[in-house]
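Peer 1: Here's my sequence, what's the structure:
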Amino acid sequence: MFGALQSSAWAYPALEALHVIGIALLLGNLVALEFRAFGRSTAIPLQAMAKLSLSIAVGGFTLAAATGLLMFSTQPLELIANRAFLLKMGLLAVAGGNAAWFHARGSLAKLDVLARVQLVLSTVIWFGVVFCGRWIAY
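Peer 2: Numbers count the residues shown, from 1 in each chain. Here you go, the predicted structure:
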């Protein structure tokens, strides 16, 4: 696989496109759920929206993580030395911790002030991940 990524003119760009699609699925569904949690589209039951959005978001994360690992495998030493990459990895860890905390405390059912802060924080963190991802190449 590694050799194909380096020798093919289209393999790495296709991998990057799949990575972006995974991020879009993840972030788009998190933002949609956040809008619903803040009172938009109230005709859609929150729990049903959450079940759909979070399952698609997990699929998007899985795609982004798998493609990201493959891209990482093509130049690990350069990426480990890249500050934007390290910041992206740190933000991913923070995003994972925030998601675990959100679900562990039952924030979706509570939708209290802390839950809403966690939702906004999640989106801000994921925007940071996207920005860092773009800065990796420069």
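Peer 1: next structured bit after the strand or helix carrying A17?
Peer 2: Element membership of A17 [criterion: DSSP states H and E] is helix 11-37. Heading C-terminal from helix 11-37, the first helix or strand you meet, by DSSP H and E, is helix 46-74.
Peer 1: Tell me which residues of that next one come out buried.
Peer 2: By neighbour count with 16 or more other C-beta atoms under 10 Å, helix 46-74 contains the buried residues 49-50, 53-54, 56-57, 60-61, 63-64, 67-68, 70-71. To be clear about C-beta, it is placed using only N, CA and C from the backbone, and glycine gets the same treatment.
Peer 1: For F61, which non-adjacent residue is closest in space?
Peer 2: Setting aside the residues directly before and after it, F61 is nearest to L26 in space (C-beta to C-beta, 6 or more residues apart in numbering), at 4.9 Å.
Peer 1: Quick check: pLDDT value at that neighbour.
Peer 2: In this model, L26 is scored at 97, pLDDT.
Peer 1: wait, it sits on A57?
Peer 2: Yes - counting by C-beta atoms under 8 Å, L26 touches A57, with 4.9 Å between them.
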